[in-house]
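**Q** Give me a model of this one.
(one chain, ligands or ions: 1)
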Amino acid sequence: MAIGEIGLDFHYDLSPREAQREVFRRQIALARELRLPIIVHTREAEAETLGILEEERARDVGGVIHCFSGTLDLARRAVELGFFVSFSGIVAFARAAELRAVARWVPRTAYSSRRMPRISPPAPPWAEKRAGLRRPGCRGGGGRARHERVELGRVTSENFARCFHLGAVAAQV
Ligand SMILES: [Zn+2]
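**A** So this is what the prediction gives:
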């Protein structure tokens with residue numbers, strides 16, 4: 001179905017960085033050979049991770065950058081490479097204003113999220129816009145928030161199916 005998680009972690013540095021880079025490149029090559037999408041982990045190594053994805057032509061297989069916590073520029077490079085960008089509950093933390101701006105920028109076709117208990121990512125603008133169309137109704141804020149959640153769930157399910165080439169699932173959502 002996919003190869004992952006693979007990538008670079010310069011926070012924990014559980015392996016020497018040179019080994020991490022080398023293994024990551026080989027795993028991308030394997031994914032290209034098997035034509036499987038990849039699930040990419042990156043922590044405190046976002047720029048280098050994107051650089052390797054570009055150099056190793058990961059565009060050919062695509063995949064998802066999971067639990068993204070990088071800058072807008074890096075998110076843009078990931079989307080240009082045809083990758084999905086996934087956000088975890090970190091995006092709801094008070095100090096994560098910059099990351100929320102990134103989450104709002106990511107186009108709906110590339111948006112993914114990792115479900116966290118009681119924490120959900122802020123609705124991106126396209127979800128807000130859609131909800132806005134229905135706002136004149138008398139449901140109030142609760143209805144709008146619920147609608148945004150449903151819309152977000154629908155879009156991320158669709159993207160999940162596209163990312164992992166699950167045609168049958170895509171038809172059901
Ligand atoms: Zn990870």
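
**Q** only C-alpha atoms for contact and neighbour calcs from this point on.
**A** Fine.

**Q** Give the other helices and strands that the lengthiest helix in the chain contacts.
**A** Counting residues, the longest helix found in the chain (DSSP state H) is helix 140-163. If you count contacts as 3 or more CA pairs under 8 Å, 6 or more residues apart in numbering; DSSP states H and E, helix 140-163 packs onto strand 111-113, helix 125-134, helix 167-172.

**Q** Run the chain-centre distance for it.
**A** Its chain's C-alpha centre and that of helix 140-163 lie 15 Å apart, by CA atoms, centre = their mean, to the nearest Å.

**Q** Can you list the buried residues in that helix?
**A** The neighbour-count check on helix 140-163 (16 or more other CA atoms under 10 Å) flags 144, 147-149, 151-153, 155-163 as buried.

**Q** Pick out whichever of the residues you listed sits closest to Ala78.
**A** Closest to Ala78 out of the buried residues of helix 140-163 is Cys163 (13.6 Å), distances taken as CA to CA.

**Q** That closest one: what's it in contact with?
**A** By CA atoms under 8 Å, 6 or more residues apart in numbering, the contact set of Cys163 is Pro37, Gly62, Gly63, Val64, Phe84.

**Q** Which ones among the residues you listed lie within strands?
**A** Using DSSP state E, Gly63, Val64, Phe84 are the members of those that sit in strands.

**Q** Can you lay out these as TSV showing pLDDT and neighbour count?
**A** Output for these, formatted as TSV (pLDDT from 0 to 100; neighbours: other CA atoms under 10 Å):
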residue	pLDDT	neighbour count
Gly63	95	26
Val64	95	26
Phe84	94	29
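
**Q** Could you export those residues to JSON lines, including columns for distance to Leu14?
**A** Converted to JSON lines, those look like this (distance: CA to CA, whole Å):
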{"residue": "Gly63", "distance to Leu14": "24"}
{"residue": "Val64", "distance to Leu14": "22"}
{"residue": "Phe84", "distance to Leu14": "26"}
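
**Q** quick check, nearest of those to Phe10?
**A** Closest to Phe10 out of the ones in strands among the contacts of Cys163 is Val64 (19.1 Å), distances taken as CA to CA.

**Q** Kindly provide the distance from the residue lying closest to that closest one once chain neighbours are set aside to Ala45.
**A** Nearest residue to Val64 in three dimensions, chain neighbours excluded: Phe84, at 4.4 Å (CA to CA, 6 or more residues apart in numbering). Phe84 sits 18 Å away from Ala45, going by CA to CA, to the nearest Å.

**Q** number of nearby residues for Pro37?
**A** Neighbour count of Pro37, defined by other CA atoms under 10 Å: 24.

**Q** I should have written Cys67 there, sorry.
**A** 20.

**Q** Any stretches of this structure with poor pLDDT?
**A** Counting by pLDDT under 70, the chain contains low-confidence ranges at 114-123, 125-142, 168-173.
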